[in-house]
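A.B. asks: Kindly generate the corresponding structure for this input.
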Amino acid sequence: QLATGGSVYVLLMVAGLYLYWSIAKAISRVPFVEVGKMLRRPDDSPAGNLVCSRIILIVAFMREKLPLSFENRFCADFNILHRLSATVDCTSLKDSDRFFDCLERK
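C.D. replies: A predicted model of the protein is given here:
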């Protein structure tokens, strides 16, 4: 649910900066789905301002410098069932959304 807010690049940022525990601690107060919404549509709160001033810029920089895609990573039946192309362009929010929407969340 966190990735649905900003794409696979948010996951890379969390993993690369070892932010999982910090986020998990913060998430105990705020559900992942709310963090995802904040990443997608930041408001005028301090958290929303942080998203606008830092996170969006970092994700945009990463998308430009590190264009990623998932090429032929899933079986054809999975792609057809979820209307995915053989290549999922991670730089495209539309493609990323379609990909993450088809994953089961627990």
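A.B. asks: Residue 84 - that's part of a strand, no?
C.D. replies: No - Residue 84 is assigned coil when assessed by DSSP: H, G, I helix; E, B strand; the rest coil, not a strand.
A.B. asks: isn't it right up against residue 97?
C.D. replies: No - checked against CB atoms under 8 Å, the pair residue 84 and residue 97 is beyond contact range at 11.3 Å. In this view, the C-beta of every residue, glycine as well, is placed from N, C-alpha and C.
A.B. asks: Tell me which of those two has more neighbours.
C.D. replies: residue 84 (18 against 14; other CB atoms under 10 Å).
A.B. asks: Which secondary structure state is assigned to residue 99?
C.D. replies: The local conformation at residue 99, judged by three-state DSSP, is helix.
A.B. asks: That one: neighbouring residues, count only.
C.D. replies: 23.
A.B. asks: Might you report the residue contacts of it?
C.D. replies: If a contact means CB atoms under 8 Å, 6 or more residues apart in numbering, then residue 99 has 70, 82, 84, 88 as its contacts.
A.B. asks: Just put those residues in CSV and tack on distance to residue 36 and pLDDT.
C.D. replies: Below are those laid out as CSV (distance: CB to CB, whole Å; pLDDT from 0 to 100):
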residue, distance to residue 36, pLDDT
70, 20, 82
82, 19, 80
84, 20, 80
88, 18, 83
